[in-house]
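Asker: Sharing a model that was predicted from the sequence below.
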Amino acid sequence: MKKYFLSFPALLSLGLLLLFSLLHLWPAYERGDLFLYDIYLNMTPGPEEDDRLVLLNIDDLGIAEVGMFPWSRSIMADGLILMKEMGVSHAVFDIEYTEDSPMALNTDFLNEDMPELLSQE
C-alpha cells in the first residue's frame, strides 16, 4: 500500500491559507488592513501637480444657474465650444448619461410641415 504524505512546505501553505481565510471573516482584520493602507498612503508622496490641468466642478451655483443636473448634451456641447474658444485642447468627462437625449426640434418639420398642418384646421 502506498503512503501519501504532505511535505512540510505543502502543510505550511495549507495552514497559512486556512489562517488567512479565517482572518478574513473577522471584522477587526479588515479594519486593521484599512488602517495599514491609510498609513501607507500617508507615507507615499502625492502625485505632482501640473498647472496646465484644470478641474471644473459642478457646484450648487452652477446648478442654480443652469438647472438640475445632469445637464442636457446641448448644454455640455455649448460648454465645450466655449472651452475650445478659450484655448482648451483636451477635455475629459466623468459623467454617465443613463437615459436617451431628448429629441431636438426638427426645423424642417417646423418650417415646412407645421404651417400646412395648422392651416388645415
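Answerer: Thanks, I have it.

Asker: what about the chain, any weak spots by pLDDT?
Answerer: Along the chain, segments meeting pLDDT under 70 span 1-5, 97, 99-105, 121.

Asker: center of it - which residue?
Answerer: residue 94 (5.3 Å; CA atoms, centre = their mean).

Asker: any idea how far that residue lies from residue 70?
Answerer: Remark: distance between residue 94 and residue 70 (CB to CB, to the nearest Å) = 12 Å. For glycine as for every other residue, the C-beta is placed from the backbone atoms N, C-alpha and C.

Asker: and if you look at residue 61?
Answerer: Distance, residue 61 to residue 70, using CB to CB: 17 Å.

Asker: The two: who's more crowded?
Answerer: More crowded of residue 61 and residue 70, by other CB atoms under 10 Å: residue 70, with 13 against 8.

Asker: Would you map the helices across this protein?
Answerer: 8-24, 27-43, 60-66, 73-85, 107-108, 114-120 (DSSP state H).

Asker: Figure out which of these is closest to residue 98.
Answerer: Of all the helices of the chain, it is helix 73-85 that lies closest to residue 98, at 13.0 Å by CB to CB.

Asker: Return the distance of that closest one from the chain's centre.
Answerer: 21 Å (CA atoms, centre = their mean, to the nearest Å).

Asker: Using PDB, write out the CA atom coordinates for that helix.
Answerer: Listed next in PDB are the C-alpha coordinates belonging to helix 73-85 (Å, rounded to 0.1, in the frame of the first residue of the first chain):
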ATOM      1  CA  ARG A  73     -25.900  67.200 -24.100                       C
ATOM      2  CA  SER A  74     -26.600  70.600 -25.800                       C
ATOM      3  CA  ILE A  75     -25.500  72.500 -22.600                       C
ATOM      4  CA  MET A  76     -22.400  70.400 -22.300                       C
ATOM      5  CA  ALA A  77     -21.700  71.000 -26.000                       C
ATOM      6  CA  ASP A  78     -22.000  74.700 -25.500                       C
ATOM      7  CA  GLY A  79     -19.500  74.400 -22.700                       C
ATOM      8  CA  LEU A  80     -17.100  72.500 -24.900                       C
ATOM      9  CA  ILE A  81     -17.400  75.200 -27.600                       C
ATOM     10  CA  LEU A  82     -16.700  77.900 -25.000                       C
ATOM     11  CA  MET A  83     -13.700  76.000 -23.700                       C
ATOM     12  CA  LYS A  84     -12.400  75.500 -27.300                       C
ATOM     13  CA  GLU A  85     -12.600  79.200 -27.800                       C
END
